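S.K.: no FASTA, just this:
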């Protein structure tokens with residue numbers, strides 16, 4: 001499957017502050033989805049070599065200051081001067097002082113800057129907004145204003161900075177409607193944002209020229225010519241020579257010769273897909289139709305008032321917006337932003353949000369399409385029933401088996417004993433408030449499985465916890481290299497899944513075994 005990666009710039013051959021780019025072979029510990037952007041940040045001079053091997057570690061305020069000032073030089077072509085005296089009692093880093101002199105940063109209010117403290121998501125938005133203002137780069141805001149449920153306690157200015165940066169598409173919030181402003185960022189996350197900002201800064205002039213050209217052409221086209229063009233299109237349509245196809249709604253996905261769309265009625269859904277294999281409960285207190293379409297395709301459809309509100313589709317070949325999902329984002333990359341936080345590509349218009357979850361290599365694994373208002377709301381229930389937890393487990397199991405088939409591996413067989421051990425561990429993690437493979441008493445996954453099912457040839461366990469629904473749980477499994485390799489391991493033949501919940505957080509354990517012939 002083709003990788004969906006962040007959009008990259010043409011090579012930038014000059015940098016500021018006297019630092020020359022290095023184009024020799026370099027390596028980084030960045031995750032695959034961020035690797036290209038991290039290397040691009042290094043090659044362009046935004047990031048220094050010491051950041052390459054700490055890409056998965058938190059970025060500090062000092063490190064981000066330096067990267068931001070390097071970005072400023074690239075965007076403006078200007079060099080900055082270092083002030084002679086530091087206003088801070090704990091920092092004399094020249095890049096921090098430059099940023100302070102330009103009023104991009106202001107310190108912590110007590111005379112310190114705390115350069116070694118982790119950078120927070122709120123702080124990134126503040127610094128980046130001021131940096132763009134200083135660089136003369138105007139932000140084009142999305143028509144769909146981003147509102148977050150957890151920023152009202154911040155200052156009005158901080159809220160405005162967050163809304164500007166998220167509205168421009170440089171950062172996104174989480175699927176539950178939160179932004180988590182006080183969370184720290186990893187080096188790779190921050191560098192993905194800065195590389196995308198650099199690309200954005202190089203685009204406005206071209207866009208303005210295109211708009212001016214379009215306006216000039218429109219003003220010089222006589223009214224009669226426009227009418228003649230329409231007549232020609234109609235004539236071509238009548239004679240069968242029209243090559244353009246009717247636009248497919250952005251809320252529609254097709255696979256295996258069938259389509260599903262947000263807003264579709266239940267009767268319309270059943271006319272294409274038939275009766276569902278299961279009718280499940282959901283964490284939204286809504287009904288879900290579960291379809292298993294052969295071994296290599298499945299569909300989870302969430303319904304409200306007899307209409308499709310949201311759905312998750314997984315198949316080897318899918319089509320969205322007239323494009324093969326495996327070919328994205330080549331034809332529509334300007335419409336999709338990369339969210340390093342949800343590990344997905346995100347598309348939004350006035351009606352829907354479309355998310356393309358990625359695995360650890362950056363390959364698309366499924367499509368999640370939701371009504372926009374629903375996607376931005378927080379309708380998760382605070383608890384789950386026994387039957388709901390069983391439904392969640394079965395849905396995750398179906399997605400994993402579909403993925404295995406797509407990857408050329410045999411599907412797993414459900415094993416009640418493994419399901420019981422998995423459920424016990426998920427429940428124990430919730431009750432005792434921990435998240436680990438070993439129980440608090442030191443019991444290992446293998447000991448737990450052996451106690452329940454006896455001997456086995458090979459065994460593995462994966463765990464996940466997430467605030468969200470089944471698609472978010474599945475994404476947590478596939479975005480991690482080790483977990484992905486375990487759930488697609490060809491030596492595994494049987495498995496069981498057990499889930500539990502703590503308020504709106506789902507905990508999942510999946511135990512897997514291979515039995516000797």
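M.R.: Alright, I've got the coordinates. As the structure is a prediction and not an experimental result, all values here were calculated from the model.
S.K.: any idea whether residue 169 is helix, strand or coil?
M.R.: Secondary structure, DSSP: H, G, I helix; E, B strand; the rest coil: residue 169 is coil.
S.K.: give me every residue that touches the nearest residue to it once chain neighbours are set aside.
M.R.: Residue nearest to residue 169 in three dimensions, not counting chain neighbours: residue 337, with 4.2 Å by C-beta to C-beta, 6 or more residues apart in numbering. (Each C-beta comes from the backbone N, C-alpha and C, glycine too.) By C-beta atoms under 8 Å, 6 or more residues apart in numbering, residue 337 lies in contact with 169, 170, 172, 196, 345, 346, 347.
S.K.: give the contact list for the closest residue to residue 377 other than its chain neighbours.
M.R.: Leaving out its chain neighbours, the residue that sits closest to residue 377 by C-beta to C-beta, 6+ apart is residue 177, at 6.2 Å. Residue 177 sits next to 147, 148, 149, 376, 377, 378 when contact means C-beta under 8 Å, 6+ apart.
S.K.: can you count the residues close to the second one?
M.R.: This points to residue 148. Residues lying near residue 148 (other C-beta atoms under 10 Å) number 21.
S.K.: so what's the residue nearest to residue 169 bridging to?
M.R.: Bridge pairing for residue 337 (DSSP bridges) gives the partners residue 346.
S.K.: Return the distance of the residue nearest to residue 377 relative to residue 442.
M.R.: Going from residue 177 to residue 442 by C-beta to C-beta, to the nearest Å gives 39 Å.
S.K.: Would you mind giving the secondary structure of the residue nearest to residue 377?
M.R.: Classification of residue 177 using three-state DSSP returns coil.
S.K.: ok, which stretches of the stretch 351-500 of the chain are strands?
M.R.: Under the criterion DSSP state E, counting those that start in this stretch, the stretch 351-500 of the chain contains strands at 352-357, 367-371, 413-414, 458-467, 494-502.
S.K.: got the ones you listed as TSV, with distance to residue 85 and mean neighbour count columns?
M.R.: As requested, these are arranged in TSV below (distance: least, C-beta to C-beta, whole Å; neighbours: other C-beta atoms under 10 Å):
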stretch	distance to residue 85	mean neighbour count
strand 352-357	49	24
strand 367-371	53	24
strand 413-414	69	14
strand 458-467	46	20
strand 494-502	51	23
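S.K.: Nearest to residue 422, out of these?
M.R.: Closest to residue 422 of those is strand 494-502 (C-beta to C-beta; 3.4 Å).
S.K.: thinking again about what came up before, mind putting the contacts of residue 177 in CSV, distance to residue 404 included?
M.R.: Shown next, in CSV, are those (distance: C-beta to C-beta, whole Å):
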residue, distance to residue 404
147, 39
148, 37
149, 36
376, 33
377, 33
378, 33
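S.K.: Narrow these to those in helices?
M.R.: Among these, no member falls in helices (DSSP state H).
S.K.: quick one: which of the residues you listed is nearest residue 57?
M.R.: Of all these, the one with the least separation from residue 57 (C-beta to C-beta) is residue 148, at 25.9 Å.
S.K.: for that closest one, what are its contacts?
M.R.: Contacts of residue 148 (C-beta under 8 Å, 6+ apart): 162, 166, 173, 177, 178, 179.
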